[in-house]
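S.K.: Just need the structure, nothing else, for what follows:
(one chain, ligands or ions: 1)
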Amino acid sequence: MKISLKKIAAMITGMFLVLATAAGCSATRSDEYYGRSGGGTIGISMPSKSLERWSRDGDYLQKQLQDMGYKTSMQYADNKVEQQISQIQNMINEGPAVIIVASIDGSALAPVLAQAKQAGIKVIAYDRLIRDTDAVSYYVTFDNYRVGQMQGEYIVKELGLDQGKGPFNFEPFSGSPDDNNARYFFEGAWDQLKPYLDKGQLKVPSGKAPANVADWQSIGIQAWMAPTAQAEMETRLNSFYRGGTRVDAVLAPNDALALGITQALDADGYTQDTWPVLTGQDADQANVTNIVKGRQSMTVWKDTRKLADQAALMVDQIVKGEEVTVNDTETYENGMMVVPTYLLEPVVINAENAREKLVDSGYYSAAEIGLE
Ligand code: BGC
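M.R.: Now for the predicted structure:
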């Protein structure tokens, strides 16, 4: 076999190129993977700034990671799925070791995350599970089923359903149909409440109660929008609660919806004395203030600081190649795989314990929630 000098020269140049590129790559990669102070950038993709909780999550998460020495690149997607996809795309191009994603639509990210996986980037699903993909490495969240269960239990206890009281008028709502969490919230609540619907202790005058738990989306509020919940509650009150009929309990799956429902109750003339049992979730400032004033019964607090701490720990363990701490390897099947998960325990907040839980822990000042 004859090889020309020209070919040999080309081969040698090629080999140099390969070696040079490999050296370049490994330098950049190891900087990004291990050199925390040396410039590893962690991607953080958040759904929207319009809901208070996500702003808190983002700020705290960013601070935690920066305090640990990581650079961060955080984007909010204005609740627009396409925007979130292109933001994740940009993050992938920055070559991070890990991207943390709180998804808008849990089923829409599979293609972009496949690219992340191919680039060797680990993905942590934050608060909301990402479905139909094998490109999610870990999930960190509060126990979503437990959140709904706490809401259901609260209604049972406040109305005395477990002591046989009733019948009461009850109106249920569920969260955004594209949010995987919303299903767990509803399931948790419904498992508590359904037996009392069956026994006739709870009646739903509007008829807006799903025939079974799998139909939870039929009473969902798209994108968790407070104004939509308000309009829906107004319609129910105007159409089914005339002539002295009063609503005794409302299942609101989160605080945004509870705020909308509160506006509708207000406009309809409900007062502190006639206010129904009203649930919530997130311990948003306006809602906790309402709880203190007796205009919302409870909220389920998911301390965003704990969630962020856990997510930051996961990032650090991944980057250092350590075993990642999880405590649930069975529950969160995403359609393609069971995602190893770290579950945190939520806490019920009401007028009695708001100060102890939220003020004493530094989450809010007393003044911020109307306690001064
Ligand atoms: C979160 C809730 C939040 C809701 C709306 C859910 O996925 O778990 O905490 O209230 O989204 O943003």
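S.K.: Glu158 and Val250, how far apart?
M.R.: In this structure, Glu158 and Val250 are separated by 12 Å, where distance is defined by Cβ to Cβ, to the nearest Å. Where C-beta positions appear, they are placed from N, C-alpha and C, glycine not excepted.
S.K.: So for the two, which residue has more residues nearby?
M.R.: Counting neighbours by other Cβ atoms under 10 Å for Glu158 and for Val250 shows that Val250 has the greater number, 28 against 18.
S.K.: List the neighbouring strands of the helix or strand containing that one plus their orientation.
M.R.: Assigned by DSSP states H and E, Val250 belongs to strand 249-251. Each strand pairing with strand 249-251, determined using DSSP bridges, is listed with its direction: strand 168-172 (parallel), strand 277-278 (parallel).
S.K.: ok, residues contacting the longest one?
M.R.: Just to be clear, that refers to strand 168-172. Surrounding strand 168-172, the residues in contact under the criterion Cβ atoms under 8 Å, 6 or more residues apart in numbering are 155, 159, 161, 189-190, 193, 197, 201-206, 208-209, 219, 233, 236, 241, 245-251.
S.K.: Buried residues, the helix or strand following that strand. List them.
M.R.: If you walk from strand 168-172 toward the C-terminus, the next helix or strand you reach (DSSP H and E) is helix 180-198. Across helix 180-198, burial judged by 16 or more other Cβ atoms under 10 Å covers 180-190, 192-194, 196-197.
S.K.: Those: which ones sit near the ligand?
M.R.: With respect to the ligand, and counting by Cβ under 6 Å from any ligand atom, the subset of these in contact is Asn181.
S.K.: Check which residues of stretch 49-56 are buried.
M.R.: Applying a neighbour-count criterion of 16+ other Cβ under 10 Å, one finds Leu51, Glu52, Arg53, Trp54, Arg56 buried in stretch 49-56.
S.K.: ok, is it in contact with the ligand or not?
M.R.: Yes. Among the residues of stretch 49-56, Leu51, Arg53 lie within reach of the ligand under Cβ under 6 Å from any ligand atom.
S.K.: Can I get that stretch as PDB, trimmed to CA atoms?
M.R.: Taking Å, rounded to 0.1, in the frame of the first residue of the first chain, the C-alpha atoms of stretch 49-56 are listed here in PDB:
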ATOM      1  CA  LYS A  49     -42.500  35.000  38.100                       C
ATOM      2  CA  SER A  50     -46.200  35.800  38.300                       C
ATOM      3  CA  LEU A  51     -46.700  33.300  41.200                       C
ATOM      4  CA  GLU A  52     -45.000  34.300  44.400                       C
ATOM      5  CA  ARG A  53     -43.700  30.900  45.200                       C
ATOM      6  CA  TRP A  54     -41.500  30.600  42.100                       C
ATOM      7  CA  SER A  55     -39.800  33.900  42.700                       C
ATOM      8  CA  ARG A  56     -39.000  32.800  46.200                       C
END
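S.K.: Show me which residues of the stretch 251-372 of the chain are close to the ligand?
M.R.: Counting by Cβ under 6 Å from any ligand atom, the residues of the stretch 251-372 of the chain lying close to the ligand are Asn254, Gln281, Asp282, Lys302.
S.K.: Switch those residues over to TSV; also include neighbour count.
M.R.: Rendered in TSV, the data for those read as follows (neighbours: other Cβ atoms under 10 Å):
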residue	neighbour count
Asn254	30
Gln281	30
Asp282	24
Lys302	22
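S.K.: and which of those is nearest Ile99?
M.R.: Ranking these by separation from Ile99, with Cβ to Cβ as the measure, puts Lys302 on top at 21.6 Å.
S.K.: other SSEs contacting whichever helix or strand Thr289 is part of?
M.R.: Under the criterion of DSSP H and E, Thr289 resides in helix 285-293. Helix 285-293 sits against helix 255-267, strand 299-301, helix 354, with contacts defined as 3 or more Cβ pairs under 8 Å, 6 or more residues apart in numbering; DSSP states H and E.
S.K.: Mean neighbour count, the ones you listed: which tops it?
M.R.: Among those, the stretch with the highest mean neighbour count (mean count of other Cβ atoms under 10 Å) is strand 299-301, at a mean of 27.
S.K.: helices or strands up against that strand?
M.R.: Counting contacts by 3+ Cβ pairs under 8 Å, 6+ apart, the secondary-structure elements packed against strand 299-301 are helix 144-159, helix 285-293, strand 347-349.
S.K.: can you give me the offset of that strand from its chain's centre?
M.R.: Shown here is strand 299-301, whose average C-alpha point lies 13 Å from the average C-alpha point of the whole chain (Cα atoms, centre = their mean, to the nearest Å).
S.K.: How about stretch 233-252?
M.R.: Once both centres are worked out by Cα atoms, centre = their mean, stretch 233-252 turns out to sit 29 Å from its chain's centre.
S.K.: Closest to the ligand out of the residues of the stretch 251-372 of the chain next to the ligand?
M.R.: Using Cβ to the nearest ligand atom, the shortest approach to the ligand within those belongs to Asn254, at 3.5 Å.
S.K.: Excluding chain neighbours, what is closest to the closest one?
M.R.: Gln281 (4.2 Å; Cβ to Cβ, 6 or more residues apart in numbering).
S.K.: pretty sure that neighbour is touching Phe185, no?
M.R.: Yes. Counting by Cβ atoms under 8 Å, Gln281 touches Phe185, with 7.2 Å between them.
S.K.: which residues do the two both contact?
M.R.: For the pair Gln281 and Phe185, residues contacting each of them under the criterion Cβ under 8 Å, 6+ apart are Val147, Gln151, Pro253, Asn254.
S.K.: With pLDDT added, can I get the residues you listed in CSV?
M.R.: Supplementary listing: these in CSV, determined by pLDDT from 0 to 100:
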residue, pLDDT
Val147, 98
Gln151, 99
Pro253, 98
Asn254, 98
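S.K.: Highest neighbour count among these?
M.R.: Each of the shared contacts of Gln281 and Phe185 was scored for neighbours by other Cβ under 10 Å, and Pro253 scores highest at 32 neighbours.
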